[in-house]
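Asks: Build me a structure from this.
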Amino acid sequence: MEILDREKIIALGKLLRQESEAGCANTVADGGLDAYLAQWHAEANGAMGYEAVRQTLALLADYDVQPLNARREMLARSLAALRALFKNGAQAQSPEHKTQSADGGAETADGQPALKRRTPRPESSPQSSVLSTGPATRVAPTTPAIPTKPLTLDSPIADVPGIGKANATSFKRLSLHTVRD
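Replies: Residues are numbered from 1 along each chain as shown. Model prediction:
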């Protein structure tokens, strides 16, 4: 496992542990865990080459709309998968050890099929998960999602996804009020 990948995965694990210790209230990361995971995924580089990481991100999809007991279970499974990655060593799951199966699909070194890119689920279907042991139901958000308006250079810095109130305040102290600044 490369050092940068290791550090990214450790940072993800630490945040998930903090979220769990905070009672799964979705308050540890600015903008919620879903926003953090989207940002983390965009910056993950080679860390996405590990099965445990892909399973963790798939499992935590739609975390924001899940009930508290489902969040606890999601976090417990995700943390266990990430811990196992370090405990067992990432060698067997590393991107360098993938092979092609006879049908052309990617496999890990132990012969297990590698996960393919996740396709969006229809809104009406129940939530499914790679690690799910039973049927899970999708819970509708209590408030309708507010559509995001397109960002322009004159948009306030607080409108940028993932910035959050604390960072927006910090940017304002630096005289950065809009995206253009």
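Asks: what are the ranges of the strands in this protein?
Replies: Assignment of strands within the chain using DSSP state E yields the ranges 99-100, 106-107.
Asks: Could you tell me the least trusted of the ones you listed?
Replies: Per-stretch mean pLDDT for those is lowest at strand 99-100 (a mean of 42).
Asks: Need the per-residue pLDDT for the closest residue to Cys24 other than its chain neighbours.
Replies: With sequence-adjacent residues excluded and distances taken as Cβ to Cβ, 6 or more residues apart in numbering, Cys24 is closest to Arg71, at 3.9 Å. No exception for glycine: its C-beta is placed from N, CA and C like everyone else's. pLDDT for Arg71: 91.
Asks: What's the local residue count around Arg71?
Replies: With neighbours defined by other Cβ atoms under 10 Å, the count for Arg71 comes to 21.
Asks: domains of this structure?
Replies: 3-107, 146-181 (automatic domain parsing).
Asks: Point out the most buried one among the ones you listed.
Replies: domain 3-107 (a mean of 16; mean count of other Cβ atoms under 10 Å).
Asks: show me where this protein has helices.
Replies: 3-21, 33-43, 51-59, 68-87, 164-173 (DSSP state H).
Asks: which of these has the lowest average pLDDT?
Replies: With a mean of 82, helix 164-173 has the lowest mean pLDDT of these.
Asks: Between helix 33-43 and that one, find me the angle.
Replies: In terms of direction (axes from the mean of the first three to the mean of the last three Cα atoms, to 10 degrees), helix 164-173 departs from helix 33-43 by 60 degrees.
Asks: For helix 164-173, output the C-alpha coordinates as PDB.
Replies: Only the C-alpha atoms of helix 164-173 are listed here, as PDB (Å, rounded to 0.1, in the frame of the first residue of the first chain):
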ATOM      1  CA  GLY A 164     -19.600  24.600   5.400                       C
ATOM      2  CA  LYS A 165     -20.200  27.500   7.800                       C
ATOM      3  CA  ALA A 166     -16.900  27.300   9.700                       C
ATOM      4  CA  ASN A 167     -14.800  27.400   6.500                       C
ATOM      5  CA  ALA A 168     -17.000  30.200   5.000                       C
ATOM      6  CA  THR A 169     -16.400  32.300   8.100                       C
ATOM      7  CA  SER A 170     -12.700  31.700   7.800                       C
ATOM      8  CA  PHE A 171     -12.700  32.700   4.100                       C
ATOM      9  CA  LYS A 172     -14.600  35.900   5.000                       C
ATOM     10  CA  ARG A 173     -11.900  36.800   7.500                       C
END
